[in-house]
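Peer 1: kindly return the folded structure for what I paste below:
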Amino acid sequence: MKNLTANSVHTKKRITRRNFLAGTAAATVFTIVPRHVLGGSGNISPSEKINVAVIGTGGQGIFNMKQLFNEPDVRIAAICDVNEISDYSMFYYGDTAGLKPALEVVREQYGQPCPTYRDYNQMLDTEDIDAVLLATPDHSHAVISLAAIAKGKHLYCEKPLCRTVYETRVVTEAARKAGVATQLGNFGHSSEDIRLACEWIWDGAIGDVHDVHAWTNTGARFWTSLTDRPQDTPPVPAGFDWQRWLGPVPVRPYHPDYAPVRWRAWWQFGSGTIGDFACHHLDPAFWALKLDQSTTFSVEASSCGTTEETCPAASLMYFDFPARAGMGPVRITWYEGGVMPPRPAELEEGRSLGDHGILFVGTRGSILGGGWSRSPRIIPETKMRAYRKPPKSLPRVKGHHRDWLDACRGNGRPSTHFDYAGPLTEFVLMGNVALRAGKKLDFDWKNMKITNVSEANEFIKPQYREGWTI
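Peer 2: Numbering: from 1, shown residues only. Okay, the predicted model is just below:
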């Protein structure tokens, strides 16, 4: 399509995609040509499709790209990655990932390839792109997001939104100012289940919630042996642009302990297990308990395996929020790496907490859910069956990617837009700040400042390599 981007300085004097898709008068210029001539009978014409570029074609990038194939009004216009191919056989997705495998996926879908790039700036300058799907390692989220936003591109970014609190705040504010449609990749936020959990809690189903427990048992399994920076310097694999992969972080030699996937273990590249999972698993608590209405909170953490270089193999984190928005104080406890919450007395014998989950504890009962906002139930099941559910009050969406794509067309706002997802990410990442500081921290959220341990503020904002800044 032609120029569906927001606030594009190049489109002010011509018909824009947004005007065309929103059905303004400019759209009538195109209706002279019948749709079946442009797109075939029953198909969407190429000129009406949203051109999406995928930046980061690792396992998650390819997964998201395949999800977009299910949307008839989308075309993958270009793909970008700094690595031609990576072996994922031992990781989440299996098989291989990278630029070459992603290109084959595109070719299989469309019967022809799309343009490929190593340099995302070159791609943004060259290709006719409406929107960007970003699925690179955490350390490059901020710089790439800001580059796309500056070009007026709508943006879907994998979680966490950024690697640090400061970067998250800057990207959130930039997206708001640009007016682009944004969505974080915490797909459970678009589910029916998370809406039910919110509506039940707001209905008073379990009384006043005073404690929340959330956990994951699977995060660090790929990096528990990593503690110190490697000393050997093996050659960079053919087809891997290591300097581009490093992007804004200080230079260090290549090592397979960094990429693929295991970058999550290193403070300089990733954000550990909590960065990987908590934007999913803590999302119901953040929404239902209106945590974004707080201006301050405190956080403390303990861990096993944390070093100056690497994230923990296991940890326990406490987030204490004061009363807000008509709700009382609440403690949020995060467990990872095999650390688990106490088994609730209401849970029937034979029922498991599972490897991922969330437990809301109120003055009149508890709600137990799975990870990714799945399957909330009042416990025990007898209370669930007896509960008279309230009318549905929250808008429902057709799907996480669809929600974003509709917003790209000017139809509403995605449910986990960056004004929501930014504070969610900041809340999660403050757990890592507490881990690295080794002390209980009081956080002035509005002003993005730790007030009781001044030296801990160094973990709020990252240091970049020479020549890079945001």
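
Peer 1: confidence score at Ala6?
Peer 2: Listed pLDDT for Ala6 reads 57.

Peer 1: oops, could you answer that again for Leu21 instead?
Peer 2: Reported pLDDT for Leu21: 42.

Peer 1: same question for the one 5 residues further on.
Peer 2: According to the predicted model, the pLDDT of Ala26 comes to 32.

Peer 1: ditto for Pro34
Peer 2: At Pro34, pLDDT is 34.

Peer 1: how close does the residue lying closest to Thr182 once chain neighbours are set aside sit to Val397?
Peer 2: Distances taken as C-beta to C-beta, 6 or more residues apart in numbering place Phe418 nearest to Thr182, at 4.3 Å, with adjacent residues excluded. For glycine as for every other residue, the C-beta is placed from the backbone atoms N, C-alpha and C. According to C-beta to C-beta, to the nearest Å, Phe418 and Val397 sit 17 Å apart.

Peer 1: and stretch 288-303, C-alpha only, in CSV?
Peer 2: Taking C-alpha atoms only, stretch 288-303 is exported to CSV below (Å, rounded to 0.1, in the frame of the first residue of the first chain):
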residue,chain,number,x,y,z
ALA,A,288,-6.7,-6.3,37.1
LEU,A,289,-5.0,-4.5,40.0
LYS,A,290,-4.4,-1.3,38.1
LEU,A,291,-0.8,-1.2,39.1
ASP,A,292,-0.1,1.5,36.5
GLN,A,293,-2.1,3.9,38.8
SER,A,294,0.7,3.8,41.3
THR,A,295,3.4,6.5,41.4
THR,A,296,5.7,4.6,43.6
PHE,A,297,6.5,1.0,44.6
SER,A,298,9.3,-0.9,46.4
VAL,A,299,11.1,-4.0,45.2
GLU,A,300,13.6,-6.4,46.7
ALA,A,301,15.1,-9.7,45.4
SER,A,302,17.3,-12.6,46.2
SER,A,303,18.7,-15.1,43.7
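
Peer 1: with adjacent residues omitted, what lies nearest to the residue nearest to the spatial centre of the chain?
Peer 2: Taking C-alpha atoms, centre = their mean, the centroid of the chain lies closest to Lys159, which sits 1.9 Å from it. Excluding the flanking residues, the one nearest Lys159 by C-beta to C-beta, 6+ apart is Cys279, at 3.9 Å.

Peer 1: from what I can see the one you found touches Cys157, true?
Peer 2: No - if you go by C-beta atoms under 8 Å, Cys279 and Cys157 don't touch, sitting 10.7 Å apart.

Peer 1: returning to what we had before: check for me that the residue nearest to Lys159 belongs to a helix.
Peer 2: Yes - counting by DSSP: H, G, I helix; E, B strand; the rest coil, Cys279 is located in a helix.

Peer 1: gap between it and Trp263?
Peer 2: Per C-beta to C-beta, Cys279 is found 17 Å from Trp263.

Peer 1: phi, psi of Tyr318?
Peer 2: phi -120, psi 130 (degrees, to the nearest 10).

Peer 1: let me fix that: Tyr117
Peer 2: For Tyr117, the backbone dihedrals are phi -140, psi 150 (criterion: degrees, to the nearest 10).

Peer 1: give me the beta-bridge partners of it?
Peer 2: Cys80 (DSSP bridges).

Peer 1: how close does it sit to Arg107?
Peer 2: 16 Å.

Peer 1: same question, Ile76
Peer 2: Applying C-beta to C-beta, the value for Ile76 to Arg107 is 11 Å.

Peer 1: likewise for Pro234?
Peer 2: 32 Å.

Peer 1: repeat for Arg262
Peer 2: When Arg262 is compared with Arg107 (using C-beta to C-beta), they lie 29 Å apart.

Peer 1: the two - which one has more neighbours?
Peer 2: Arg262 (20 against 12; other C-beta atoms under 10 Å).

Peer 1: which residue is the nearest non-sequential neighbour of the more buried one?
Peer 2: Leaving aside its sequence neighbours, Arg262 sits nearest to Trp223 (C-beta to C-beta, 6+ apart; 5.1 Å).

Peer 1: alpha carbons only: can I get stretch 274-281 in PDB?
Peer 2: Only the C-alpha atoms of stretch 274-281 are listed here, as PDB (Å, rounded to 0.1, in the frame of the first residue of the first chain):
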ATOM      1  CA  ILE A 274      11.800 -12.400  34.300                       C
ATOM      2  CA  GLY A 275      12.300 -10.400  31.100                       C
ATOM      3  CA  ASP A 276      11.400 -13.400  29.000                       C
ATOM      4  CA  PHE A 277       8.200 -14.400  30.900                       C
ATOM      5  CA  ALA A 278       6.900 -11.800  33.300                       C
ATOM      6  CA  CYS A 279       5.300  -9.600  30.700                       C
ATOM      7  CA  HIS A 280       3.100 -12.600  30.000                       C
ATOM      8  CA  HIS A 281       2.600 -14.100  33.500                       C
END
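
Peer 1: those helices in the stretch 301-450 of the chain, which residues are they?
Peer 2: Using DSSP state H, counting those that start in this stretch, the helices of the stretch 301-450 of the chain run over 381-386, 400-408, 418-437.

Peer 1: got those helices as CSV, with distance to Arg324 columns?
Peer 2: Compiled in CSV, the helices of the stretch 301-450 of the chain are given as follows (distance: least, C-beta to C-beta, whole Å):
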stretch, distance to Arg324
helix 381-386, 27
helix 400-408, 27
helix 418-437, 13
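
Peer 1: mind checking those helices for the one nearest to Gly61?
Peer 2: The closest of those to Gly61 is helix 400-408. By C-beta to C-beta, the value is 13.2 Å.

Peer 1: got the contact list for the closest one?
Peer 2: Counting contacts by C-beta atoms under 8 Å, 6 or more residues apart in numbering, the residues outside helix 400-408 that touch it are 4, 50, 64, 67-68, 70-71, 73-74, 130-131, 154, 156, 181-183, 185, 187, 189-190, 397-398, 412-417.

Peer 1: in the stretch 101-250 of the chain, where is pLDDT below threshold?
Peer 2: 219, 221 (pLDDT under 70).

Peer 1: which parts of it are strands?
Peer 2: 116-117, 131-134, 154-157, 182-184, 209-216 (DSSP state E, counting those that start in this stretch).

Peer 1: highest mean neighbour count out of those strands?
Peer 2: Most buried of the strands of the stretch 101-250 of the chain by mean neighbour count (mean count of other C-beta atoms under 10 Å) is strand 182-184; its value is a mean of 29.

Peer 1: strands paired with that strand, and their directions?
Peer 2: When DSSP bridges is applied, strand 182-184 pairs with strand 154-157 (parallel).

Peer 1: chain center to the partner strand: distance?
Peer 2: Counting by C-alpha atoms, centre = their mean, to the nearest Å, strand 154-157 is centred 10 Å from the centre of its parent chain.
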